[in-house]
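Peer 1: All I have is the shape, not the residue letters:
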DNA sequence: CGCCAGCTTGAATCTACTCAAATCTTGTGG
DNA sequence: CCACAAGATTTGAGTAGATTCAAGCTGGCG
């Protein structure tokens, strides 16, 4: 269950928040405490359903979750990924409810996120996290609207690499990608068959290798340059 | 410049916020005062550019604006529309900066949005507005990812109808659509030529009429039923 | 060993794109 | 009030990228 890259003691979720905004003692203690009390969710289980009232903000500790929309005829679209260190349901409304269903893609560990009132640094980390979330949504819209299948895959993988780097779950080239080609298709608005063909092409081009769940990008920076990918992180100032 | 539907004195921007959350006296006064001091922006002018520091939250008073992303090779994608009563740059960060360029699509009137601290009702209206914004982004992702050209157009027009109804700028069937087919293409991830053909088809099917800038949907509720459109408004509780 | 989910392959099809030209609008100046 | 230019819409023909459907393959696991 331990991820390859993160051998140190800092849990990825804590590391992500700390990277977004250096946390003070109370914040670190609160997050560490929260992370100690996780709930495990099985793959394909719903974490939250559309329209459901939100009582706590949740924090992803481990695993992959996703916001999804399913159409009456069975088409499905993954709206966004939720990865370790990401918040679920963080908003300012009095009685908020979920705007989308959230499901676990792998086994997921979640906990209740400490209240931002505990520490100004924590509040700021949450705010930056929320801003980044929005940047990822906008990037996804541009991806689906204007990129080809080939570009979409590269662009998404570069975003994921970047996101995992924030939490220490990726080094400069590689991270664990536990998604089936069908799920990739559901994020990228394509079919599994076409994802398959494009992944083969990318391998033939030498852009990536995929052994088991381990994804390695040969030259992330060169690839980002080539397809004009700009990391959303730059927007969070 | 006065829009067809809104003959009463309530400005659309005020009406939208008041619809989201009934405003108290101070809030209404503050919004009315703010709306009195508008800045006019010409079509195609930038309201905000990517990465720029945000000093005030802005409120759209009149006209259409959009968040756009332009690729190095000239492809462009409209990420979201900003319509009367919508907020620009409302967030919780200490020193926020814009995650996308915002341009005026028509002549736009904007003002500085009153601070939410003025009134709890206003703060809640802003919070709901922000939540709705996110719901629109998610809806757009699902649209681009999984709907056909025909469905995308219908789905977008239904969303716009719904949004204009919030501010009193649309009745049950019609609103003013000042977009060229090229701009519609830029939102929907299609080409102008294809938008043209699909609009003709929709007219032939009797789903809509388009005289000048006036868009009339023949049977919005039936259409929404047919394509499985769910108004994002339901998510805001 | 055999099953099953996921991956791979091929052929036919279709949706949307490209390019190019014609027509319609709208606004402007003479 | 007409002529003209510029922008926007419309039309047609050919093409490309992605889908569909169907079959075969692979690897992990009971």
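Peer 2: Sure thing, it's come through. Values in this document were obtained by computation on a predicted structure and should not be read as measured data.
Peer 1: Is residue A:206 part of a helix or strand, or is it coil?
Peer 2: Following DSSP: H, G, I helix; E, B strand; the rest coil, the label given to residue A:206 is coil.
Peer 1: show me the contacts for the closest residue to it other than its chain neighbours.
Peer 2: In space, and not counting its chain neighbours, residue A:206 is closest to residue A:218: 5.7 Å by CB to CB, 6 or more residues apart in numbering or on different chains. C-beta here means a position set from N, CA and C on the backbone, and glycine is covered the same way. By CB atoms under 8 Å, 6 or more residues apart in numbering or on different chains, the residues touching residue A:218 are A:173, A:206, A:207, A:208, A:209.
Peer 1: and those residues, which two are the farthest apart?
Peer 2: The span of these, defined through CB to CB, is set by A:173 and A:206 at 13.0 Å.
Peer 1: if we can go back for a sec, phi and psi next, for the residue nearest to residue A:206.
Peer 2: In terms of degrees, to the nearest 10, the main-chain angles of residue A:218 are phi -60, psi -50.
Peer 1: now it: how far from residue A:125?
Peer 2: Per CB to CB, to the nearest Å, residue A:218 is found 33 Å from residue A:125.
Peer 1: swap in residue A:210?
Peer 2: Distance, residue A:210 to residue A:125, by CB to CB: 33 Å.
Peer 1: Specify which residue of these two has the higher count of neighbours.
Peer 2: More crowded of residue A:210 and residue A:125, by other CB atoms under 10 Å in any protein chain shown: residue A:125, with 24 against 12.
Peer 1: near chain B at all, the biggest helix by length in chain A?
Peer 2: Criterion DSSP state H: the longest helix present in chain A is helix A:120-146. Yes. Counting by CB under 8 Å from any CB of the partner chain, chain B is contacted by helix A:120-146 at A:123-124, A:126-128, A:130-131, A:134-135, A:137-138, A:140-142, A:144-146.
Peer 1: Contact residues of chain A facing DNA strand C?
Peer 2: Residues of chain A found near DNA strand C (CB under 7 Å from any atom of the strand) are A:180, A:181, A:182, A:192, A:193, A:196, A:197, A:199, A:200.
Peer 1: mind listing the helices in chain A by residue range?
Peer 2: Under DSSP H, chain A gives helices at A:12-20, A:25-36, A:120-146, A:149-166, A:181-188, A:192-204, A:220-227.
Peer 1: Need those helices in JSON lines (columns: mean pLDDT).
Peer 2: Output for the helices of chain A, formatted as JSON lines (pLDDT from 0 to 100):
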{"stretch": "helix A:12-20", "mean pLDDT": "98"}
{"stretch": "helix A:25-36", "mean pLDDT": "98"}
{"stretch": "helix A:120-146", "mean pLDDT": "97"}
{"stretch": "helix A:149-166", "mean pLDDT": "98"}
{"stretch": "helix A:181-188", "mean pLDDT": "98"}
{"stretch": "helix A:192-204", "mean pLDDT": "98"}
{"stretch": "helix A:220-227", "mean pLDDT": "96"}
